Each structure stands twice: as C-alpha cells, then as structure tokens.
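> coords please:
(3 chains)
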Amino acid sequence: MPELPEVEVTRLSFANRIAGARIASVCMGKPLRWPLQCDPRSLENQSVLAVRRRGKYLLLDLSDGVLLIHLGMSGSLTFGPQPGVPGPHDHFDMQTSHGTLRLNDPRRFGAVVFARNESDPVARKLLGKLGMEPLGPDFDVKQFHNGLKRRKAAIKQVLLAGDVVVGVGNIYASEALFSAGIRPTKPACQLSALRAARLHHAILEVLSRAVAAGGSTLRDFSDAHGDAGHFQIQAMVYGRAGQPCKVCGTPIHAIRQGQRSSFFCPGCQKP
DNA sequence: AAAAGCCCCTGGATGC
DNA sequence: TGCATCCAGGGGCTTT
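Okay, here's the model as predicted:
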C-alpha cells in the first residue's frame, strides 16, 4: 500500500496532533518484521516531540530516543481517541495523552524499531543507505543523473532500490517512467542527461501530486484519521495491461522485473 | 560494488 | 462450495 506519498500523508494526518503527547503504555501484538529493540515499558512517560519522515520510514522523535515506523506492504496507522480493543492485525498500540497510535498490518512486513538516536547502529542499518529525498531540497538533477550513470541495471529496478532516490515504489516507478517517456527496462546508465532530467521532473511531479491529492488512493489507502482519500489519482499505466494507452491508444504492456510487475506503453516509452 | 533471487506473511481474486 | 494457485503497494539478506 504505502509508497512515499501515502507515508507522507499519514505523517501529516497525525504529526501535529501527537506532538507533545506523553506515552502512557505500549501494547504489542504479533511479531512484526523486526523486534522493537527495547522493553515497551521503557517508552512509558516519554514524550513524542515530532514526527518526521525519511523515505518510507516515519521517525517519531521521543524525549529519549526515536521510533522508526515502516508500513511495509500492508500497514496503516491510525491516531485518535478510544479506538477500542486491538484487532487481530493490530500489532503496535501506543496509548498517549493525546490519543492512541495504532499500527494495523495484516502481512506484518512492517516494523516499529526503537533506537537511541539516528546514529545508533540500529537506525543506521535501516536509514544509512537511503538515497535522496525526492521532495526535499537535496533532490538535485545532476546528482540524480550521476547516480544513474553508475548503474547498469534496469532503470525501474534502480528506482525501486532506493539508494539513488527514496520513496518511489512499484506504482509510482511505472507512472513516473511513463510520464518521462522511458522504458522500465532501459539500463539506468544509458540515460542521457536530458532524459534523466525528464525523469527527475516526472518523479517530483508524480509524487507531489499524489501527496496533494491526499495519498494515491490508487487502491484503498486511508490516513491516520481512518479517512480514505477524497481524490483519485488516475494511473496512466499501472494495472492497465492490455488496455489502450490514454495518450496514444497502444495497448499497455505488463512485464516482470525482479519479481515485481512493471507496466509501460510501447508507443510512448522509448527503449 | 553491484546485480539477481529469496524470503518474510496474510488475504483477496481467480480458476478448476 | 471447496480447494489450489497466483498475486499484492517493500526491502533486507544471501549468493553470484
């Protein structure tokens, strides 16, 4: 479910409300991808100072440490008063003076990890190799192109790897490549400066539009209020195998790259 | 160093 | 209706 826009929309939906809250108790459900790395009771009486984001990770700054939250494939966060007893897929429940933060994650690819700070080895292992923030000031065209030049792998897989630029998941990778007119199979290192610049622009544009629209709602995303987005971002290629391209009418192709599906228009996207 | 595969897990859709 | 198979928005780890 969650690519960068969904994570950012989730963050925006509760960051201000949870800021300043005191943690009363933390209740864990089934094991997530990684252990919490601390006794849940050691979080009690700490305050939540702020909620930041790095790639697809949410960072909850506490008075004495930081919680790294990842939503994996199927995770979603809710924050509000009196959520009732945790369900079978609620695996992290944090009661605070401002409400309860709850992680629901059926597949349990998500995680909540405590670290002393961001230089803690625990945090560095998860955040250390992340690439540029596409919506941040450091997303530089030249640096982006340089990053791609070092990689012989297909551009789609380089985008997904997240070590050049973070936050571009399987849906937005296909959409951004369509927008830039580039085949997902194109070796990253073969992109000219012009085409790299087009892709840079497409990533920025696609992701920021999705954030503005309140999360992709390409499927069934809901934010921490539990509200589904009111808007609908139309996919140009993702999930549209066999259907006519909305620009040129050519049937959309679906291929597999690294065990993930990719979609592209053979007419609009040049090899 | 980089690339390719594997795997974690559950649930929904599809096919026989 | 029941059961098997395939697929899903991520990404760390191991092996080439």
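
> when you work out contacts or count neighbours from here on, use the C-alpha atoms and nothing else.
Fine.

> what parts of the stretch 1-150 of chain A come near DNA strand C?
Contact residues (Cα under 7 Å from any atom of the strand) of the stretch 1-150 of chain A with DNA strand C: A:1, A:2, A:3, A:55, A:56, A:57, A:72, A:73, A:109, A:125, A:126, A:127.

> swap the cut-off to 10 Å and go again
Proximity of the stretch 1-150 of chain A to DNA strand C (Cα under 10 Å from any atom of the strand) is limited to residues A:1-7, A:33-34, A:54-57, A:70-75, A:106-111, A:122, A:124-130.

> domain ranges for chain A?
Per the record, chain A has its domains at A:4-127, A:141-264, by automatic domain parsing.

> related to what we said a few turns ago, so which of the residues of the stretch 1-150 of chain A next to DNA strand C sit within helices?
A:4, A:5, A:6, A:7, A:122, A:124, A:125, A:126, A:127 (DSSP state H).

> now neighbour count too, for those, in TSV please.
Shown next, in TSV, are those (neighbours: other Cα atoms under 10 Å):
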residue	neighbour count
A:4	27
A:5	27
A:6	25
A:7	26
A:122	17
A:124	14
A:125	12
A:126	13
A:127	17
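
> which among the residues of the stretch 1-150 of chain A next to DNA strand C count as buried?
A:1-7, A:54-57, A:70-72, A:75, A:106, A:108-111, A:122, A:127, A:130 (16 or more other Cα atoms under 10 Å).

> hmm, back to that, by mean pLDDT, show me the worst of the domains of chain A.
Averaged per stretch, pLDDT over the domains of chain A is lowest on domain A:141-264, reaching a mean of 90.

> quickly check: that one near DNA strand B or not.
Yes - contact between domain A:141-264 and DNA strand B, assessed by Cα under 10 Å from any atom of the strand, occurs at A:147-155, A:157-158, A:161, A:163-164, A:185, A:187-189, A:256-260.

> in helices, which of those appear?
A:147, A:148, A:149, A:155, A:157, A:158, A:161.

> report the two of those separated the most.
Across those, no pair lies farther apart than A:149 and A:161, at 14.8 Å, counting by Cα to Cα.

> and for residue A:158, the neighbour number?
21 (other Cα atoms under 10 Å).

> likewise for residue A:87?
Neighbour tally, residue A:87, other Cα under 10 Å: 9.

> can you tell me how far it is from DNA strand C?
According to Cα to the nearest atom of the strand, to the nearest Å, residue A:87 and DNA strand C sit 19 Å apart.

> quick revisit: buried subset of the residues of domain A:141-264 next to DNA strand B?
So, by 16+ other Cα under 10 Å, the buried ones in the residues of domain A:141-264 next to DNA strand B are A:147-149, A:154-155, A:157-158, A:161, A:164, A:185, A:187-189.

> circling back to that earlier point, the ones in helices among the residues of the stretch 1-150 of chain A next to DNA strand C: which ones sit near DNA strand B?
Okay, of these, nothing touches DNA strand B (Cα under 10 Å from any atom of the strand).

> of those residues, closest to residue A:205?
Looking across these and measuring by Cα to Cα, the closest to residue A:205 is residue A:5, at 11.5 Å.
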